[in-house]
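*Asks:* Following is a predicted model, sequence given first.
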Amino acid sequence: MSQALATAVAVGGSAAALAVCRAVVSWVPMTGAAITLMSGPDGQEPVCATDAGAARIDELQFDLGDGPCVESFTTGRAVLVSDITDGADARWPVFAAAAAATGARGMFVFPLSVGAARLGVLDCYRDTPGSLDDDELAAALAAVDAAVWTLLEHGAASTLDGDRAGSDWFNGSPLARAEVHQATGMLSVQAGLRPGAALARLRAGAFATGRPIAEMAADVVSRRLRLDSDGAWHSTTAPPMTSTYDTGRPGDEEPGDEEKRS
């Protein structure tokens, strides 16, 4: 595994991060793995995922703003869950139920950090329950070190604080959440909300309708869905009006308007 990780780091770019995840899956009993950059529950940017299950688990945690990834990043500690379906662990009931529907059982999340600076998480899962033994845990921690190096080498630490320089290696990622961020900005303007509150409304709307947040965001960006200032959602399938203002100036009425109003 050490050789596989060294080779992965040498690859460079987004391919390096994915190679690290694949090494974890190959050498540790994991079904899938993903790397996510984070600045908090509302700041999550996917880097790579080995399979659809890992991608979906990553997406669920962003949609809900909760889960082992958020806890691991916030606390700076690994979160090791031997069975996400175990009802005795009630930390993330909504996420746990959704994650179990993907087939995930064991979930193992490790923070990616350099000193006090936290970059994101390495999120691993497997489709059978059970804890990691000492050798498996040591191998996973070796992968964590390799993942940190791949992120630092390519400036990934700057991608969540507004500086997109050095982040070209994320372009084209099918997991990119640019549309969600764009929708959040539009909702902020529409409903007069701060960005964090706008994202919370988007999450709540997606959860209430049972839709992925990416689908809700796509409808907002395409102007098929709008959030009013009173917090109500409505569809906007009709063509937009050319003007929403009534000047109220005398002489602007068309013949017969007086009778129509009466």
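*Replies:* Cool, the structure landed. Residues are numbered from 1 along each chain as shown.
*Asks:* Measure how buried residue 130 is and give me the count.
*Replies:* Residue 130 has 12 neighbours, counted by other C-beta atoms under 10 Å. The way it works is simple: take the backbone N, C-alpha and C, and place the C-beta from them, glycine included.
*Asks:* That one belongs to a strand?
*Replies:* No - counting by DSSP: H, G, I helix; E, B strand; the rest coil, residue 130 is located in no strand; its state is coil.
*Asks:* from what I can see it touches residue 106, true?
*Replies:* Yes - at 5.7 Å, residue 130 counts as touching residue 106 under the criterion of C-beta atoms under 8 Å.
*Asks:* show me where pLDDT drops low in the stretch 101-250 of the chain?
*Replies:* Scanning the stretch 101-250 of the chain for pLDDT under 70 picks out 153-178, 237-250.
*Asks:* rerun at 80
*Replies:* 115-116, 153-184, 187-188, 191, 193-214, 229-231, 234, 236-250 (pLDDT under 80).
*Asks:* Could I get the full set of strands for it?
*Replies:* For the stretch 101-250 of the chain, the strands defined by DSSP state E, counting those that start in this stretch cover 106-114, 117-126, 225-227, 233-235.
*Asks:* Phi first, then psi, for residue 232.
*Replies:* Per-residue torsions, residue 232: phi -90, psi 140 (degrees, to the nearest 10).
*Asks:* re earlier: give the residues shared as contacts by residue 130 and residue 106.
*Replies:* 82-83 (C-beta atoms under 8 Å, 6 or more residues apart in numbering).
*Asks:* so can I have JSON lines of the strands of the stretch 101-250 of the chain showing mean neighbour count and distance to residue 150?
*Replies:* Output for the strands of the stretch 101-250 of the chain, formatted as JSON lines (neighbours: other C-beta atoms under 10 Å; distance: least, C-beta to C-beta, whole Å):
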{"stretch": "strand 106-114", "mean neighbour count": "21", "distance to residue 150": "10"}
{"stretch": "strand 117-126", "mean neighbour count": "24", "distance to residue 150": "10"}
{"stretch": "strand 225-227", "mean neighbour count": "20", "distance to residue 150": "37"}
{"stretch": "strand 233-235", "mean neighbour count": "12", "distance to residue 150": "40"}
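*Asks:* Of the ones you listed, which is nearest residue 135?
*Replies:* When the strands of the stretch 101-250 of the chain are compared by C-beta to C-beta, strand 106-114 sits nearest residue 135, at 13.9 Å.
*Asks:* send the alpha carbons of that closest one over as PDB?
*Replies:* Below are the C-alpha coordinates for strand 106-114, written out as PDB (Å, rounded to 0.1, in the frame of the first residue of the first chain):
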ATOM      1  CA  GLY A 106     -19.500   0.600   8.100                       C
ATOM      2  CA  MET A 107     -18.400   4.300   7.700                       C
ATOM      3  CA  PHE A 108     -15.000   5.600   8.500                       C
ATOM      4  CA  VAL A 109     -14.200   9.300   8.100                       C
ATOM      5  CA  PHE A 110     -10.800  10.900   8.700                       C
ATOM      6  CA  PRO A 111     -10.000  14.700   8.900                       C
ATOM      7  CA  LEU A 112      -7.400  16.000   6.400                       C
ATOM      8  CA  SER A 113      -5.400  18.600   8.300                       C
ATOM      9  CA  VAL A 114      -2.000  20.300   8.600                       C
END
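*Asks:* That strand pairs with which strands, and in what direction?
*Replies:* Strand pairing for strand 106-114, using DSSP bridges, gives strand 79-81 (antiparallel), strand 117-126 (antiparallel).
*Asks:* Make TSV out of these and add distance to residue 23.
*Replies:* Shown next, in TSV, are those (distance: least, C-beta to C-beta, whole Å):
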stretch	distance to residue 23
strand 79-81	19
strand 117-126	11
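*Asks:* Please enumerate the helices of the stretch 1-150 of the chain.
*Replies:* 2-11, 13-27, 52-64, 68-75, 93-100, 134-153 (DSSP state H, counting those that start in this stretch).
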